[in-house]
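1. Below: sequence and its predicted model.
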Amino acid sequence: MVKKTLIAASTLSLCALTLSACGGGDSAAGSGGNGGSDGTITMGFAQVGAESGWRTANTDSIKQSAEDAGVELQFSDAQQKQENQISAIRTYIQQKVDVIAFSPVVETGWDAVLQEAKAAGIPVILTDRAVDVQDDSLYVTFLGSDFVEEGQKAGQWLVDNAAEADADGDGDVNVVELQGTTGAAPAIDRKEGFEEVIADDDTISISQSQTGDFTRDGGKQVMEAFLQNEPEGIDVVYAHNDDMGLGAIEAIEAAGLTPGEDIKIITVDAVKDGMQALADGKINFIVECNPLLGPQLMELAEKVVAGEEVESRVVTEETTFTQEQAAEALPDRQY
Ligand code: AHR
């Protein structure tokens, strides 16, 4: 799969790609790869939506960084629909922007539109999420987290705390999983990383797993259904993001149970609301996913448009938080 190839590759010489991608004077490539006549770069950014606190922080970071860098930003919100993102990208191609950046809603189905961008000589930067395409020259670089590693960190915390997580003491740790958007890279990879690590412990198993679409409401509704299916016996919720975990907390409390005690909760993101719930003891562990990708994205865009070589994969640095660490970090948390 191309995504795996991409991750394995350390550096890719982009000179040839950038020349063809930026057009080198080809009128189809907008300004010829060097920005407008005054050097201003125009970026078309196709965002996933506004489904979570993470996404809002990510959008703010991109808009602010574009302003700081003097990049003219064309921004669109796809409302979590791939067809909206594809049509936004097509609009950016027609507008002959200097560079297109996007965070793909799902992994597959991008080959045709990315071919169109390439044919128009417009370089594409992936941010946050990967795509699964046949030809990895369809984009220049991918900036974002290692989602498999995030899932592994979540699984490792559970393996290390399995005895404590077995609230009913029956010797089995029964996990329910709130998955992100079906087909999205973070949903696929966080599941994979988590399952890989818990496989080492026979006492841990996942009894129910469904998508909550990365939203608070989705997490609440799916958790209500999980609780109805298994009124007793759920030991752990593994939510692929904070928002779904926060929705699950509402469902658990409405069922008369105590989140963080009767049912342990592990989430991913570490946005302010999630960190507050962690510090309050309602969540037990959060794996960080950093949304502040704007400054690095603008730096990459400037280099790509100038025809400079960039890394084919830029991985975001991230940490994890326990309840004590969340209480300490909260006063300085930016998002
Ligand atoms: O792609 C990043 C994920 O998307 C975040 O973890 C989640 O909150 C968001 O919706």
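-> Yes, it's here.
2. So, low pLDDT: which residues of the stretch 1-150 of the chain?
-> Residues of the stretch 1-150 of the chain that meet the criterion pLDDT under 70 lie in 1-34, 36.
3. repeat that with 80
-> Across the stretch 1-150 of the chain, the ranges flagged by pLDDT under 80 are 1-37.
4. residue ranges of the strands in it, please?
-> Applying DSSP state E, counting those that start in this stretch to the stretch 1-150 of the chain gives strands spanning 42-47, 72-77, 99-102, 124-127, 141-144.
5. Distance to the ligand and mean neighbour count for the ones you listed - can I get that in a markdown table?
-> C-betas here are computed from N, CA, C, even on glycine. A markdown table is the format used below for the strands of the stretch 1-150 of the chain (distance: least, Cβ to the nearest ligand atom, whole Å; neighbours: other Cβ atoms under 10 Å):
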| stretch | distance to the ligand | mean neighbour count |
| --- | --- | --- |
| strand 42-47 | 11 | 25 |
| strand 72-77 | 13 | 16 |
| strand 99-102 | 12 | 28 |
| strand 124-127 | 9 | 24 |
| strand 141-144 | 7 | 23 |
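6. Can you add distance to N161 and give those strands back as CSV?
-> Below are those laid out as CSV (distance: least, Cβ to Cβ, whole Å):
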stretch, distance to N161
strand 42-47, 36
strand 72-77, 38
strand 99-102, 37
strand 124-127, 33
strand 141-144, 28
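7. and L138, how many neighbours?
-> 21 (other Cβ atoms under 10 Å).
8. Now for the nearest residue to it once chain neighbours are set aside: which residues touch it?
-> In this structure, L138 finds its nearest non-sequential neighbour in L114, 3.8 Å apart by Cβ to Cβ, 6 or more residues apart in numbering. Neighbouring residues of L114 by Cβ atoms under 8 Å, 6 or more residues apart in numbering: 124, 131, 133, 138-139.
9. Which residues of the stretch 51-200 of the chain lie near the ligand?
-> Residues of the stretch 51-200 of the chain lying near the ligand by Cβ under 6 Å from any ligand atom: 51-52, 54-55, 128-129, 186.
10. now those residues as a markdown table including neighbour count?
-> Shown next, in a markdown table, are these (neighbours: other Cβ atoms under 10 Å):
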| residue | neighbour count |
| --- | --- |
| E51 | 22 |
| S52 | 25 |
| W54 | 23 |
| R55 | 24 |
| D128 | 28 |
| R129 | 23 |
| P186 | 27 |
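11. can you tell me which of those residues are in helices?
-> 54-55, 186 (DSSP state H).
12. Looking at these, which is nearest the ligand?
-> Ranked by distance to the ligand (Cβ to the nearest ligand atom), these are led by W54 at 3.4 Å.
13. right, and the closest one touches N241 too?
-> Yes - counting by Cβ atoms under 8 Å, W54 touches N241, with 6.3 Å between them.
14. joint contacts of the two?
-> Counting by Cβ under 8 Å, 6+ apart, the shared contacts of W54 and N241 are 269, 289.
15. thinking again about what came up before, could I get the residues of the stretch 51-200 of the chain next to the ligand in a markdown table, plus columns for distance to D201?
-> Listed next are those as a markdown table, based on distance: Cβ to Cβ, whole Å:
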| residue | distance to D201 |
| --- | --- |
| E51 | 32 |
| S52 | 29 |
| W54 | 29 |
| R55 | 33 |
| D128 | 31 |
| R129 | 29 |
| P186 | 24 |
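16. Kindly indicate which of those residues lies nearest L297.
-> Checking those against L297 by Cβ to Cβ gives D128 as the nearest, at 9.5 Å.
17. Can you name the residues that contact that closest one?
-> By Cβ under 8 Å, 6+ apart, the neighbours of D128 are 48, 58, 103, 143-145, 291, 293.
18. go again using 6 Å as the cut-off
-> 103, 144 (Cβ atoms under 6 Å, 6 or more residues apart in numbering).
19. what does the one 3 residues further on give?
-> Applying Cβ under 6 Å, 6+ apart, one finds that V131 lies in contact with 104, 107, 110.
20. can you count the residues close to the last one?
-> Taking other Cβ under 10 Å as the criterion, the count of residues near W110 is 25.
21. now it: how far from the ligand?
-> 15 Å (Cβ to the nearest ligand atom, to the nearest Å).
22. And for that residue, nearest residue in space, chain neighbours not counted?
-> With sequence-adjacent residues excluded and distances taken as Cβ to Cβ, 6+ apart, W110 is closest to V131, at 4.7 Å.
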